[in-house]
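Participant: Quick check, what structure comes out for this input:
(2 chains)
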There are 2 protein chains.
Amino acid sequence: MDVPSGTPAGTPTPGPGDPRIARLSLNQWTTREWSLREAVEGCVRAGLPAIGLWRDKVADAGLAESAKLVREAGLRVSSLCRGGFLTAREPVARTEAIADNQRAIEEAAALEAACLVLVVGGLPAGDRDLPGARERVAEALAELAPYAGAHGVRLALEPLHPMYCADRAVLSTLDQAIDLAEPHPVGQVGVVVDAFHVWWDPYLPAAIARAGERIASFQVCDWVLPLPADNLLARGMMGDGVIDFRSMAAAVEAAGYVGDIEVEIFNADVWAAPGDAVVDTLKRRYVTEILG
Amino acid sequence: MDVPSGTPAGTPTPGPGDPRIARLSLNQWTTREWSLREAVEGCVRAGLPAIGLWRDKVADAGLAESAKLVREAGLRVSSLCRGGFLTAREPVARTEAIADNQRAIEEAAALEAACLVLVVGGLPAGDRDLPGARERVAEALAELAPYAGAHGVRLALEPLHPMYCADRAVLSTLDQAIDLAEPHPVGQVGVVVDAFHVWWDPYLPAAIARAGERIASFQVCDWVLPLPADNLLARGMMGDGVIDFRSMAAAVEAAGYVGDIEVEIFNADVWAAPGDAVVDTLKRRYVTEILG
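Facilitator: Coordinates of the predicted model:
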């Protein structure tokens, strides 16, 4: 992390108030070793105006305290991660999942998060009925969307890379996410464009345009080869991989998205680095790789 | 391999002449330790009517000798793997790739293969222009399709799982393969439906129907979790993973495909097992998992 490959030598790090980082958000799992308080303080030190929170970190700090910390720091909460896991077949597990998502909606409301990210879940163990699992997600969403609306929360359906279809998310493309969102009011159900998950899609430009005001979150990190043995940790710093962020960011902007751009990296090397150094790098990479 | 999980106890292995295996083909990389001659002999012993060949194995045996071996054994050649790797940007590399594909077409003609499978290639090193790479595939195909037609060979575009988009194939979905094939005569350019690569696609049933007579090859193997560290070896025996082969096979049949169904497994455990045992298992799994 000290000398990130691909960053032009001498690229100055944007500081607090720099308009180039006026929409840059730190997803707090990028600096996973930090507590919520440390992440909030790190954002303030770095001049980042927004943060993406995770429920486990919020729970550690306490919901009310978390809301107070971000509010007093003047940070926007660009997203809360995450609800979802809605593919259970058994009634008890399904009821528990709905209840957990209702709690997540309440937490997102308390945090005034711009959206609650939903990772919809994979196939139940031993189950091969992929259309059935997808149908159960649609049914659960029909229950949760009004609940979110009543709490002023926007759900954000996140398509995950198809390599996670079996075990993490049967929602695999942006078009599929839009299909799932469309029956619901745009303020209740949006979609996530996460570069890592969708960059490969041959129909992505059209899907982004189609998503339009459904886009509730834009997340970035890079596809870096070789994939690590644990493919959940395959997400790299922008500029270290193969994704053309400028084109994607331009498409997302052309679709009308004006919200924060959140850097969410799951990567053992990034997690091992000091948080301030990671934030420093991601600010510079954001400028060079995304703003272009 | 001795006691394959998921196979009903006592499932008898279909023998030579059994109509249930009248369309079953062994892709020879499934029994990678076998030479071409050994694979041909293994198919004959097992009563398999068809084999999918690989160019490296054909080269080892000699082209004329390979053609003679399969012809005298009475085997159909369900496919020749593979041509492709058409994404090079530099003129010299591009010219070499076209020439290599022309040789592959000539080999497919000599072997009377039902098709020549094309794995189109990933992004060139250091390149992030995915649409550009895809465009170069289309351009190369425009050169190769008439050459294939002149040799009576059908090219078969194989979409690979999106996890291989960066390094193996910028062709990522069946719809994209059909888009690429459509400008060309159906006898010159078809598509491969490989269960492992496309099972996750939410639009797969529609894409298979759309493919119709473009389907030049149907390949099967399973998606088994966890993925191994080398994700090229993630392909498992049918029944060991999450893919619902029956639905997919029914859709492929409804689309009009009447060709062979080829079992192509890249898997360290399968490769370590004796070839005859692997063939025995795949025959039983074919009956239980695909014919249903």
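Participant: so what's A:A234 closest to, chain neighbours aside?
Facilitator: Of all residues not flanking A:A234 in the chain, A:L227 sits nearest, at 4.7 Å (CB to CB, 6 or more residues apart in numbering or on different chains). Placement of C-beta: from N, CA and C, glycine included.
Participant: Verify the stated contact: that neighbour with B:A234.
Facilitator: No. The pair A:L227 / B:A234 is not scored as a contact, 10.7 Å apart, by CB atoms under 8 Å.
Participant: Comparing these two, which shows the higher neighbour count?
Facilitator: Higher neighbour count among A:L227 and B:A234: B:A234, with 22 against 19, using other CB atoms under 10 Å in any protein chain shown.
Participant: which residues does the more buried one contact?
Facilitator: By CB atoms under 8 Å, 6 or more residues apart in numbering or on different chains, the contact list for B:A234 reads B:196, B:223-224, B:227-228, B:266-267.
Participant: Kindly report the same for A:A142.
Facilitator: Contacts here follow CB under 8 Å, 6+ apart; on that basis A:A142 touches A:183-184.
Participant: The closest residue to A:W199 other than its chain neighbours and A:H161, how far apart?
Facilitator: With sequence-adjacent residues excluded and distances taken as CB to CB, 6+ apart, A:W199 is closest to A:I243, at 4.7 Å. From A:I243 across to A:H161, the span is 12 Å (CB to CB, to the nearest Å).
Participant: again, but for A:V263
Facilitator: A:V263 is 17 Å from A:H161, by CB to CB.
Participant: thinking again about what came up before, residues near the residue nearest to A:W199, how many?
Facilitator: For A:I243, using other CB under 10 Å, the count is 26.
Participant: In this structure it contacts A:F196, no?
Facilitator: Yes. Counting by CB under 8 Å, A:I243 touches A:F196, with 7.4 Å between them.
Participant: Report the set of residues contacting both of the two.
Facilitator: Here A:I243 and A:F196 share the contacting residues A:222-223, scored by CB under 8 Å, 6+ apart.
Participant: Sketch out the low-pLDDT regions of chain A for me.
Facilitator: A:1-11 (pLDDT under 70).
Participant: How about the residues of it by chain B?
Facilitator: Residues of chain A lying near chain B by CB under 8 Å from any CB of the partner chain: A:123, A:127-130, A:134, A:161-163, A:165-167, A:172-173, A:175-176, A:179, A:199-203, A:223, A:225, A:227, A:229, A:231, A:241-244.
Participant: What subset of these is buried?
Facilitator: A:123, A:127-130, A:134, A:161-163, A:165-167, A:172-173, A:175-176, A:179, A:199-203, A:223, A:227, A:231, A:241-244 (16 or more other CB atoms under 10 Å in any protein chain shown).
Participant: Going along the chain, name the strands of the stretch 151-292 of chain A.
Facilitator: Applying DSSP state E, counting those that start in this stretch to the stretch 151-292 of chain A gives strands spanning A:155-157, A:189-194, A:215-220, A:222-223, A:235-236, A:261-263.
Participant: And these: which comes nearest A:G74?
Facilitator: strand A:261-263 (17.3 Å; CB to CB).
Participant: returning to that earlier point: what is in contact with A:I243 and A:H161 at once?
Facilitator: Common neighbours of A:I243 and A:H161 (CB under 8 Å, 6+ apart) are A:F196.
Participant: Nearest residue to the middle of chain A?
Facilitator: Geometric centre of chain A, nearest residue: A:Q219, 5.2 Å, by CA atoms, centre = their mean.
Participant: Could I get the contacting residues of the nearest residue to A:G15 once chain neighbours are set aside?
Facilitator: With sequence-adjacent residues excluded and distances taken as CB to CB, 6+ apart, A:G15 is closest to A:G47, at 5.4 Å. By CB under 8 Å, 6+ apart, the residues touching A:G47 are A:14-18, A:21.
Participant: Show me what the helix or strand containing A:T95 is packed up against.
Facilitator: Per DSSP states H and E: A:T95 is located in helix A:91-110. Contacts defined by 3 or more CB pairs under 8 Å, 6 or more residues apart in numbering or on different chains; DSSP states H and E place helix A:91-110 against helix A:55-61, helix A:63-73, strand A:76-84, strand A:116-119, helix A:130-150.
Participant: Tell me the gap between that helix and the middle of its chain.
Facilitator: 18 Å (CA atoms, centre = their mean, to the nearest Å).
Participant: Ok, stretch A:238-256 next?
Facilitator: For stretch A:238-256 - counting by CA atoms, centre = their mean - the centre lies 15 Å from the chain centre.
Participant: Show the end-to-end separation of that stretch, please.
Facilitator: In stretch A:238-256, first residue to last residue: 23 Å (CA to CA, to the nearest Å).
Participant: quick one, phi psi at the residue of the stretch 1-150 of chain A at minimum distance from chain B?
Facilitator: Per CB to the nearest CB, A:R128 is where the stretch 1-150 of chain A lies closest to chain B, at 4.3 Å. Backbone torsions for A:R128, taken as degrees, to the nearest 10, come to phi -120, psi 10.
Participant: Give me the distance between A:F266 and chain B.
Facilitator: 16 Å (CB to the nearest CB, to the nearest Å).
Participant: Surely that residue touches A:R235?
Facilitator: Yes. Between A:F266 and A:R235 there is a contact at 4.7 Å, judged by CB under 8 Å.
Participant: more crowded one of those two?
Facilitator: When A:F266 and A:R235 are compared for neighbours, A:R235 comes out ahead with 28 against 20, by other CB under 10 Å.
Participant: How about the contacts made by the nearest residue to the more buried one once chain neighbours are set aside?
Facilitator: Leaving aside its sequence neighbours, A:R235 sits nearest to A:C221 (CB to CB, 6+ apart; 4.2 Å). Residues near A:C221 by CB under 8 Å, 6+ apart: A:30, A:194-196, A:235-238, A:263-267.
Participant: 7 Å instead, please
Facilitator: Counting by CB atoms under 7 Å, 6 or more residues apart in numbering or on different chains, A:C221 touches A:195-196, A:235-236, A:238, A:263-265.
Participant: Same question for A:T30.
Facilitator: The contact partners of A:T30, taken as CB under 7 Å, 6+ apart, are A:263-265, A:270, A:278, A:282.
Participant: helix/strand/coil for it?
Facilitator: Under DSSP: H, G, I helix; E, B strand; the rest coil, A:T30 falls in the helix class.
Participant: Give me the contacts around stretch A:198-216.
Facilitator: Residues outside stretch A:198-216 that contact it (CB under 7 Å, 6+ apart): A:114-115, A:154, A:156, A:159, A:173-175, A:178, A:181, A:186, A:190-193, A:223, A:243, A:248, A:251-252, A:255-257, B:134, B:162, B:165, B:172-173, B:176.
Participant: So A:L75 sits against A:A50, correct?
Facilitator: Yes. Using CB atoms under 7 Å as the test, A:L75 is close enough to A:A50 to be in contact (5.9 Å).
Participant: Those two: which has the busier surroundings?
Facilitator: Comparing A:L75 with A:A50 by neighbour count (other CB under 10 Å), the higher total belongs to A:A50, at 24 against 20.
Participant: nearest residue to that one other than its sequence neighbours?
Facilitator: Per CB to CB, 6+ apart, closest to A:A50 is A:S25, 3.6 Å.
Participant: residues in contact with that neighbour?
Facilitator: With CB under 7 Å, 6+ apart, A:S25 has these contacts: A:48, A:50-52, A:78, A:260-262.
Participant: mind redoing it with 6 Å?
Facilitator: A:S25 sits next to A:50-52, A:78, A:260, A:262 when contact means CB atoms under 6 Å, 6 or more residues apart in numbering or on different chains.
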